[in-house]
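*Asks:* let's see this in three dimensions:
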Amino acid sequence: MSTIVGQTAVRQRLLADLRADRVPHALMLCGPEGSGKLAIAVEFARALLCQHPREDGSACGECTSCKMAAKLEHPDLHFTFPIVKASKIKDAKDAISDYYIKEWRARVLESPYFDLNDWLEDMGAANQQATYYVAESDNIQRKLVLKSNQGGRKVMVVWLPEKMNQETANKLLKLFEEPPAGTHFIMVSEEPDLVLGTILSRTQQLLVPPLSPEEYRQAHPPKDERLFLDLFIMLMRLAYQRKVKEMRAWSEQLAAMGREPQKHFLAFCQRQVRENFVYNFHQPELNRQSDDEAAFSRNFARFINERNVIPITEELARAETDIAQNVNARMVFFDLTLKMIVLLIQ
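*Replies:* The predicted structure follows:
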């Protein structure tokens, strides 16, 4: 049974192409974070590898290939994704995604609705930025030049190709353009404009639209969001009341959290600012809020308006960047509270 939320039209389009035998050798699923692109990619990869597909083209779920693919252990199902060297990789020439395949499978099997911050946390990234090292291009080629283990197709799922630098991408151009027979690349991109143009031109792009608010909540069950909401409410109330002493205590509380939760919290705040601004338009179908979030917005939304929505969002984003760059968290969060005092009254 599929675990994908919504996106019926996209999935039907892919299966129709599969039934008609017109699946491109390089497909790129493009869309916003949280829309389920990776979930769709994995489901479609299973359909491509299935030995006895259903009438609609979907995977049967019962054949040997399906059972292996369900565990993400099919020998002809490959994954490549941005990584950090961290402690387990000593040299860039050895920096390939295979070092993290155990963590990758665990993360995808838990839920394919995760983001780059989740993945960085899984890798123990500290303050490193995830990327595709040049060694990954050789790793991909080694895997795909081999004959299919099961005698059928081979599938390579490429997560966030926009994280691929030019040197790595250039080494893969010919492979993307003329892959071995029966080989399919399924790329999953949130920022296709950042993908090297020569790679982008070799793919067929398919837009995966945002989920509806109800679908989004179903696909992304709350993770620390009750705590984050409480902290967001406290920040806004203390800033509005100009309680500087309490704001410093709030900053200390945030500073005591780990760097990844701090980044998640600041991303959560940016979403809340956006949701509160949209709340003012009285079109509930545009909001993606829990009942608790909506209850707070009923009284708070009026403080987020055309004059301050962008400056507040920018300050939160700047704080997130500072935290990612290991700037002193106490300073970052206390400065943020002081700026909120000014911005909330605009």
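
*Asks:* so how far is Leu229 from the residue nearest to Ile89 when sequence neighbours are not counted?
*Replies:* Nearest residue to Ile89 in three dimensions, chain neighbours excluded: Ala95, at 5.0 Å (C-beta to C-beta, 6 or more residues apart in numbering). Backbone N, C-alpha and C define where each C-beta goes, glycine included. Here the criterion is C-beta to C-beta, to the nearest Å. By it, Ala95 lies 38 Å from Leu229.

*Asks:* hmm, which helix or strand of the protein has the shakiest average pLDDT?
*Replies:* The helix or strand of the chain with the poorest confidence is helix 213-219; it has a mean of 76 (mean pLDDT, DSSP states H and E).

*Asks:* can you name the element that comes right after that helix?
*Replies:* Proceeding N to C from helix 213-219, the next assigned helix or strand is helix 225-241, under DSSP states H and E.

*Asks:* report all helices and strands that that next one contacts.
*Replies:* Here helix 225-241 is seen to pack against helix 244-255, helix 259-279, helix 291-300, helix 329-344 when contacts are counted using 3 or more C-beta pairs under 8 Å, 6 or more residues apart in numbering; DSSP states H and E.

*Asks:* mind giving me the domain split of this protein?
*Replies:* Under the assignment automatic domain parsing, the domains of the chain span 8-215, 222-344.

*Asks:* what segments of the stretch 101-250 of the chain are helices?
*Replies:* Listed in chain order, the helices of the stretch 101-250 of the chain (DSSP state H, counting those that start in this stretch) span residues 101-110, 116-123, 134-145, 166-177, 197-200, 213-219, 225-241, 244-255.

*Asks:* circling back to that earlier point, OK, contacts around the residue nearest to Ile89?
*Replies:* 83, 85, 89, 133, 135-136 (C-beta atoms under 8 Å, 6 or more residues apart in numbering).

*Asks:* let me have those in CSV, adding neighbour count as columns.
*Replies:* Formatted as CSV, the entries for the contacts of Ala95 read as follows, by neighbours: other C-beta atoms under 10 Å:
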residue, neighbour count
Ile83, 27
Lys85, 17
Ile89, 17
Tyr133, 24
Ala135, 17
Glu136, 23
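
*Asks:* export those to CSV and append columns for pLDDT and distance to Ala9.
*Replies:* Compiled in CSV, those are given as follows (pLDDT from 0 to 100; distance: C-beta to C-beta, whole Å):
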residue, pLDDT, distance to Ala9
Ile83, 92, 33
Lys85, 82, 40
Ile89, 71, 41
Tyr133, 91, 36
Ala135, 92, 38
Glu136, 93, 33
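
*Asks:* for those, which one is nearest Ile4?
*Replies:* Relative to Ile4, the closest of these is Ile83; by C-beta to C-beta it sits at 25.6 Å.

*Asks:* the closest one contacts Glu103, correct?
*Replies:* No: using C-beta atoms under 8 Å, Ile83 is not in contact with Glu103, being 9.8 Å away.

*Asks:* find residues that contact each of these two.
*Replies:* Common neighbours of Ile83 and Glu103 (criterion: C-beta under 8 Å, 6+ apart): Met123.

*Asks:* give me the low-pLDDT residue ranges for this protein?
*Replies:* 1-2, 86-88, 92, 126-127, 213, 221-224, 284-287, 346 (pLDDT under 70).
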